[in-house]
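> Quick one, structure for this:
(chains A and B)
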Amino acid sequence: MKVRFYLNGLERVVETDPNRTLLEVLRTDLGLTGTKYGCGIGQCGTCTVTIDDQAKCACLTLIGQVNGRKVETVEGLAEGENLHPLQDSFVENHALQCGYCTPGMLMSAKALLDKNPSPSEEEIRVAISGNLCRCTGYIQIVKAIQKASEKMR
Amino acid sequence: MKYLPEFEYLVPESVSELCLLLSRHRGKACILAGGTDLLIRLKRQEVSPEYVLDIGRIGELSVLRDEGDHLFIGATATHTRVAESPLIKREAPLLSEAALSVGSVQIRNSGTIGGNIANASPAGDTLPPLIALEAEASVVSQGGERSLPLSSLFSGPYQTILAPDEFVAGIRFPKLAAKSGTCFLKLGRRRALAVSRITVAAIVVLDRKGLIQKARICPGAVLPSPCRMGHAEETLIGHSPDAGLFQKAGQWVAREMVRVTGRRASTPYKEPVVINLVQRALTVAIERCLKREG
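Numbering: from 1, shown residues only, chains lettered A, B, ... in the order given. This next block holds a predicted model:
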């Protein structure tokens, strides 16, 4: 079947079997491997993308569900050479070690700041509670999101 | 990456088209709403439907409507929408609390209230508050619509009495009395994404003298399907609220849990926790009731 959607601002049309997840199509068909495959059952959050500005797990989204929708992945954050303030802030605040959770963390944070530009620490923690990090821990990540929100205001 | 079994993907645009497809492909179709449960079951090959019917594009199924003395929530309203709706926060605060406690942001953005009902998980977070609210499910098929109490929809863990060509179109429940207070509490292994170990939904209504006029208690995750606790509720009626009384109500709930499920390895842990959780839920509900009056 044919699925047409808006990916990081560009219209894309993919021809695919219907029994595939958005994650699979992003990584395999479109070569966008920034979005990671973790648990595959919506528990770890590393496949988080935004669909119509809402953070969702790409591993639990059938490709047909995004037909006509706006999808943003981590690749859509930077503008050319310029990193998104969230990405800069993750670097400055040492908010990653192995980096596997980072794309999902960034997209959850992006969805949060789009909706709520001045979140409290608690609101940040709730927003990333569906994203697991097994090495850095959460202190630097929360701090990075806080600092980014201050810069972006 | 886990591959999904093959199926045909259909996207009905209206309730009547959905009814037609369900009747035509009777028993061979699965409904896809948010996908947070169905995709996992597909990946685990627990289901292998010939057809997947994506109901996410049927506008009339996602409504959230004030019907005067009732509220109606369409099946595909997401947990995020239920949690954030000012109408539900005002009229049924325990339901928005429960919706907010589901999974994580990502799961709440996809998962739907209709999915929570149709999956019939004993640990479904929105079920105890809905049952406490005396919600009725609107069940639709080509034959028409029927309304049945939510509590009678479940026939066991992950099982409903729905016929293969029927689906849950939404739920409807009466608004609460002015002098009421509600509370939903959840105990999980971790705060986010935890499958509920024990939940409690409580609603209390006080009369003019400050005595308990109505009480509804529905625990979740401790019984094969959530249902109200008649004995515990009766214990409270006509009395003035106090901690000892709430403890007694909690003991009734614990007794009912043991009666239905038998003594299990987890019972020595669950018994005192259920009692405390019921007591706490009632305490908070009463506090809110008094606040609402003042």
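> The residue nearest the centre of chain A in helix, strand or coil?
In chain A, the centroid-proximal residue (CA atoms, centre = their mean) is A:Met107; its distance is 2.8 Å. In terms of secondary structure, A:Met107 is helix; the call rests on DSSP: H, G, I helix; E, B strand; the rest coil.
> likewise A:Gly130?
coil.
> how many other residues sit next to the closest residue to it other than its chain neighbours?
Excluding the flanking residues, the one nearest A:Gly130 by CB to CB, 6 or more residues apart in numbering or on different chains is B:Ser104, at 2.5 Å. C-beta coordinates here come from the backbone N, C-alpha and C atoms, glycine included. Per other CB atoms under 10 Å in any protein chain shown, the neighbour tally for B:Ser104 reads 27.
> And B:Ser104, how close does it get to A:Gly64?
23 Å (CB to CB, to the nearest Å).
> and what of A:Glu81?
Taking CB to CB, one finds A:Glu81 at 35 Å from A:Gly64.
> ok, those two, which is more surrounded?
A direct count of neighbours by other CB under 10 Å for A:Glu81 and A:Gly64 places A:Gly64 higher, at 21 against 5.
> and that one, what does it touch?
Each residue near A:Gly64 by CB atoms under 8 Å, 6 or more residues apart in numbering or on different chains is listed here: A:Met1, A:Val3, A:Pro18, B:Tyr9, B:Val11, B:Asp54.
> A:Leu60 too?
Contacts of A:Leu60 by CB under 8 Å, 6+ apart are A:Thr21, A:Ile41, A:Gly42, B:Gly35, B:Thr36, B:Leu39, B:Ile40, B:Gln106, B:Ser110.
> ok, now with 6 Å
By CB atoms under 6 Å, 6 or more residues apart in numbering or on different chains, the contact set of A:Leu60 is A:Gly42, B:Gly35, B:Thr36, B:Leu39.
> repeat for A:Asp52
When contacts are counted by CB under 6 Å, 6+ apart, A:Asp52 touches A:Arg69, A:Lys70.
> for it, phi and psi?
For A:Asp52, the backbone dihedrals (degrees, to the nearest 10) come out as phi 50, psi 50.
> What does B:Ser101 show for phi and psi?
Dihedral angles of B:Ser101 (phi, psi; degrees, to the nearest 10) stand at phi -90, psi 0.
> count of neighbours near it?
B:Ser101: 21 surrounding residues under other CB under 10 Å.
> quick one: the strands in chain A?
A:2-7, A:10-15, A:48-51, A:54-57, A:70-72 (DSSP state E).
> So which residues on chain A come close to chain B?
Within chain A, the positions near chain B by CB under 6 Å from any CB of the partner chain are A:18-19, A:37, A:40-43, A:48, A:54-57, A:60, A:64, A:127, A:129-130.
> Just the buried residues from those residues, in ChimeraX please.
Of the residues of chain A next to chain B, the buried ones go into a single ChimeraX selection, burial set by 16 or more other CB atoms under 10 Å in any protein chain shown:
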select /A:18,19,37,40,42,43,48,54,55,56,57,60,64,127,129,130
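> give me every residue that touches the residue minimising distance to the centre of chain B.
The residue lying closest to the centre of chain B (CA atoms, centre = their mean) is B:Leu127, at 1.5 Å. Contacts for B:Leu127 (CB under 6 Å, 6+ apart) come out as B:Pro226.
> For it, give its distance to chain A.
Distance of B:Leu127 to chain A, given as CB to the nearest CB, to the nearest Å: 20 Å.
> How about B:Ile161?
Separation of B:Ile161 from chain A (CB to the nearest CB): 27 Å.
> Give me the secondary structure label for B:Val253.
Of the three states, B:Val253 takes helix under three-state DSSP.
> Alpha carbons only: can I get the helix or strand of chain A with the lowest mean pLDDT in CSV?
Across the helices and strands of chain A, mean pLDDT, DSSP states H and E gives its lowest value to helix A:121-127, namely a mean of 95. What follows is helix A:121-127, C-alpha atoms only, in CSV (Å, rounded to 0.1, in the frame of the first residue of the first chain):
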residue,chain,number,x,y,z
GLU,A,121,11.6,19.9,37.1
GLU,A,122,8.7,17.6,38.0
GLU,A,123,7.1,18.2,34.6
ILE,A,124,10.3,17.4,32.9
ARG,A,125,10.6,14.2,34.8
VAL,A,126,7.1,13.2,33.9
ALA,A,127,7.7,14.0,30.2
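> That one packs against which elements?
Using 3 or more CB pairs under 6 Å, 6 or more residues apart in numbering or on different chains; DSSP states H and E as the contact test, no helix or strand touches helix A:121-127.
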